[in-house]
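Novice: can you look at this prediction? I've put the sequence above it.
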Amino acid sequence: MSPISASPKRALFYAIPIAVVLFFLPLLIEPYQVTLLEYGLIFAIAALGFNLLLGYTGLLSFGHSAYFGMGAYAVAFIVKYLNITSMEVFLLGGALASAAVAALFGFLCVRYTRIFFGILTMALSQVLWSLAFKFYWVTGGTDGLRVPTPSLLGVTIPQGEEKMMFLAHRYYYYVLVIFFLSAAAMWLIVHSPFGKALQAIRDNETRAEFVGVQVWHYRWVAFLVSGIYTGLAGTLWVPLNGLTTPDILHWTFSGKIVFFTVLGGFQTFMGPIIGGVVYNYLETYAVGHTVYWQMVLGVVLVLLVLVLPAGIAGTAGRLMLRLRKAA
Amino acid sequence: MDDLLVHLLNALLYASVLFLIAGGLSLIYGVMRIVNLAHGNLYAVGAYATAWTMGRVLGTGQPSLMLYLLLPVGAVTAAALGAVIEPTLLRPLYKRAEEYQLLITFGLLLILEDLLRFVFGPYPLSASGLYETVGSLSIGDSVYPGYNLVVILVGGIAAAVLWALIYRTKFGVILRATSQDKRMASALGVNVNRVYLEAFTLGCFMAGLGGAIIVPQQGAVLGMGVDALILAFVVVVIGGLGSLEGALLGALMVGIVREFGIAFFPEVELAILYFMAAVVLLIRPAGLFGHA
């Protein structure tokens, strides 16, 4: 992948300033802006997981809404049927639910590549969507299911504190910590021998098989990890949103996940993270300013594909490289 | 028995429209190897354009025969749109990775969705004028709308014309040659760019025609394209991407399963369709009629 962040030192060199900024930012900006950033970080986790498949394994999934949705609906079911509101239980439940679905779907999908992989993942995710849509007595149908503000490490929302403040402060740091843990884990994964094997599969499946990589098995593990990441993002997303609806299981939501990964640049490690955050601002801004927000997003996507296929991170990396050469 | 006949006719009605949408999708994939995620929106364009035009004409007291002549308006509008989209947005991408082709059509989907809202407004359009002029016939105890038979008829004629076009004309030979081996066809003097443009336009025409013939019965609403696309996907996956026979068989299967699904087990009707598609992909990835 890109020469940037190839060594742990290099990665920390970039990560520490970002961590410091993200740590102090809530003190400087309004609570609403903090929640926007939270959404962005959550999308970034989903995109990190998604990109393990697209960027590193060369598989374009159009069904990642399934895992995001499983992460979110698992939380809603834990609240509805077990009456538990602990965030740690949510995370465990969300991870298990998305892992179970990803393990099954992955098992079915990894034998295929290219367009067949895309359509198969899409068809399977649509099965979940239609179930969530039709079994309204379980899932609430299009009304969805409400999710209350959870307790974090046993600490519930203090008496008299506004929900918004809780979400913009304590919950922000909770999300931030999980974000950094996920990003660090993903960095280790893609730079491990396992990650290298995935990239070998992406670049040349036949050769990878010849040197002894068990292609389907590796792809399945990558699929599983990818699904759990996206599921965790769904789990973190739902208390913030307060509600889960079948929309997040629909294939167009999968399209959004693809969109922000490509927006950031899927050929770099940082790309999906940048893409998740930027996309969220872009969508919020577009929705807030015009009813034709889909058109705005569509035009951005078309221009991106035609003019900046390397995405934000890829283009920035290339510019830096060119500047360095010129200097 | 009469119930069964009504269900079968409804299944054929679905199948006719689905064949037009999925056939276009499949044709485009077969020739150009592009999966057009915005294809459902072209179907919606056909529906909106026809409904809008009929709305203009209906007030002027034209005879109902005039309304039939308006059906192609939607198809021609969608085809014209396709003829603009292919050279401007798709042509630069043929040499790029598949991911980008999918993404640009996804971007197009978002744009067209809002373009319809912008041009025709956020409210549903109706073209029930034509639906009502046909009247109805009685099947046993139940009354069946005659317009549905018109839709089935148009679907059948379209399938026949398309078959003749692909297998009995020079244009069809060139189309099939390009689909099989683009470089060889090009070496033999086929203008591949032109064939791509024609194939894409024809595919869009079919989607638009599907929208145009169903709109008197169902009306045009925002979001109809996205819903139709996913059903068209199920059809082409079952029949085989790139195969017209497959699209026809797939459309019939989906039409039947859907009609009986809605009648007998409405909760899982959609899930069964997606599940069917997934099972076919697993057993025969290229579809029932496809060539891997």
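Specialist: In hand now; what should we look at?

Novice: quick one: pLDDT of residue 53?
Specialist: Picking chain A for this. pLDDT for A:Leu53: 89.

Novice: ah, I was thinking of chain B
Specialist: B:Thr53 carries a pLDDT score of 85 in this model.

Novice: what strand or helix carries it?
Specialist: Secondary structure from DSSP states H and E places B:Thr53 in helix B:39-58.

Novice: do that helix and chain A meet?
Specialist: No: figure legend: helix B:39-58 not in contact with chain A (Cβ under 8 Å from any Cβ of the partner chain); closest approach 10.4 Å. (C-beta placed from N, C-alpha, C; glycine too.)

Novice: tell me which other helices or strands the helix or strand just after that helix touches.
Specialist: From helix B:39-58 onward toward the C-terminus, using DSSP H and E, the following helix or strand is helix B:64-85. Counting contacts by 3 or more Cβ pairs under 8 Å, 6 or more residues apart in numbering or on different chains; DSSP states H and E, helix B:64-85 packs against helix B:39-58, helix B:128-134, helix B:192-218.

Novice: can you put the ones you listed in JSON lines and add mean neighbour count?
Specialist: Output for those, formatted as JSON lines (neighbours: other Cβ atoms under 10 Å in any protein chain shown):
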{"stretch": "helix B:39-58", "mean neighbour count": "26"}
{"stretch": "helix B:128-134", "mean neighbour count": "18"}
{"stretch": "helix B:192-218", "mean neighbour count": "25"}
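
Novice: ok, of those, where does mean pLDDT dip lowest?
Specialist: Mean pLDDT is lowest for helix B:128-134 out of these, coming in at a mean of 73.

Novice: identify the residues contacting that one?
Specialist: Residues outside helix B:128-134 that contact it (Cβ atoms under 8 Å, 6 or more residues apart in numbering or on different chains) are B:54, B:58, B:64, B:67-68, B:145-147, B:150, B:216-217, B:219.

Novice: same thing but 10 Å
Specialist: B:50-51, B:54-55, B:57-59, B:62-68, B:70-71, B:145-151, B:213, B:215-219 (Cβ atoms under 10 Å, 6 or more residues apart in numbering or on different chains).

Novice: off-centre distance for the lowest-mean-pLDDT helix or strand in chain B?
Specialist: Lowest on mean pLDDT, DSSP states H and E among the helices and strands of chain B sits helix B:128-134, with a mean of 73. Centroid separation for helix B:128-134 versus its chain: 22 Å, with Cα atoms, centre = their mean, to the nearest Å.

Novice: following element in sequence after it, please.
Specialist: Assigned by DSSP H and E, the successor of helix B:128-134 is strand B:136-139.

Novice: got the contact list for B:Tyr48?
Specialist: B:Tyr48 makes contact with B:74, B:77-78, B:115-117, B:119-121, B:124-125, B:127, B:208, B:211-212, B:215, B:220-222, B:224-225, according to Cβ under 10 Å, 6+ apart.

Novice: got a quick PyMOL command for the buried subset of these?
Specialist: Selection of buried members from these for PyMOL, criterion 16 or more other Cβ atoms under 10 Å in any protein chain shown:
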select buried, chain B and resi 74+77+78+115+116+117+120+125+127+208+211+212+215+220+221+222+224+225
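
Novice: does A:Phe107 touch A:Val221 like I think?
Specialist: No: with contact defined as Cβ atoms under 10 Å, A:Phe107 does not count as touching A:Val221 (11.1 Å).

Novice: who has more neighbours out of the two?
Specialist: Applying other Cβ atoms under 10 Å in any protein chain shown to A:Phe107 and A:Val221 shows that A:Val221 carries more neighbours, namely 20 against 13.

Novice: residue boundaries of the strands in the stretch 101-250 of chain B?
Specialist: Ranges of strands in the stretch 101-250 of chain B, per DSSP state E, counting those that start in this stretch, are B:136-139, B:142-145.

Novice: please work out the average pLDDT along the first one.
Specialist: When you say that, I think you mean strand B:136-139. Mean predicted confidence for strand B:136-139 is 76.

Novice: stretch A:66-83 now?
Specialist: For stretch A:66-83, mean pLDDT rounds to 90.

Novice: does it come close to chain B?
Specialist: No: on the criterion Cβ under 10 Å from any Cβ of the partner chain, stretch A:66-83 is out of touch with chain B, staying 11.2 Å away.

Novice: buried residues in that stretch?
Specialist: Under the neighbour-count criterion of 16+ other Cβ under 10 Å, stretch A:66-83 has A:66-79 buried.

Novice: as JSON lines, these with secondary structure would be great.
Specialist: Below are these laid out as JSON lines (DSSP: H, G, I helix; E, B strand; the rest coil):
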{"residue": "A:Ala66", "secondary structure": "helix"}
{"residue": "A:Tyr67", "secondary structure": "helix"}
{"residue": "A:Phe68", "secondary structure": "helix"}
{"residue": "A:Gly69", "secondary structure": "helix"}
{"residue": "A:Met70", "secondary structure": "helix"}
{"residue": "A:Gly71", "secondary structure": "helix"}
{"residue": "A:Ala72", "secondary structure": "helix"}
{"residue": "A:Tyr73", "secondary structure": "helix"}
{"residue": "A:Ala74", "secondary structure": "helix"}
{"residue": "A:Val75", "secondary structure": "helix"}
{"residue": "A:Ala76", "secondary structure": "helix"}
{"residue": "A:Phe77", "secondary structure": "helix"}
{"residue": "A:Ile78", "secondary structure": "helix"}
{"residue": "A:Val79", "secondary structure": "helix"}
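
Novice: now for those, which pair is the farthest apart?
Specialist: Pairwise distances across the buried residues of stretch A:66-83 (Cβ to Cβ) peak at 20.5 Å, for the pair A:Ala66 and A:Val79.

Novice: how about the closest residue to chain B within the stretch 51-200 of chain A, nearest residue that isn't a chain neighbour?
Specialist: Minimum separation of the stretch 51-200 of chain A from chain B (Cβ to the nearest Cβ) falls at A:Ser130, amounting to 3.6 Å. Leaving aside its sequence neighbours, A:Ser130 sits nearest to B:Leu270 (Cβ to Cβ, 6 or more residues apart in numbering or on different chains; 3.6 Å).

Novice: go on, A:Val147?
Specialist: A:Val238 (5.0 Å).

Novice: buried stuff in whatever helix or strand that neighbour lives in?
Specialist: Element membership of A:Val238, judged by DSSP H and E, is helix A:215-241. By 16+ other Cβ under 10 Å, the buried positions in helix A:215-241 come out as A:215, A:218-241.
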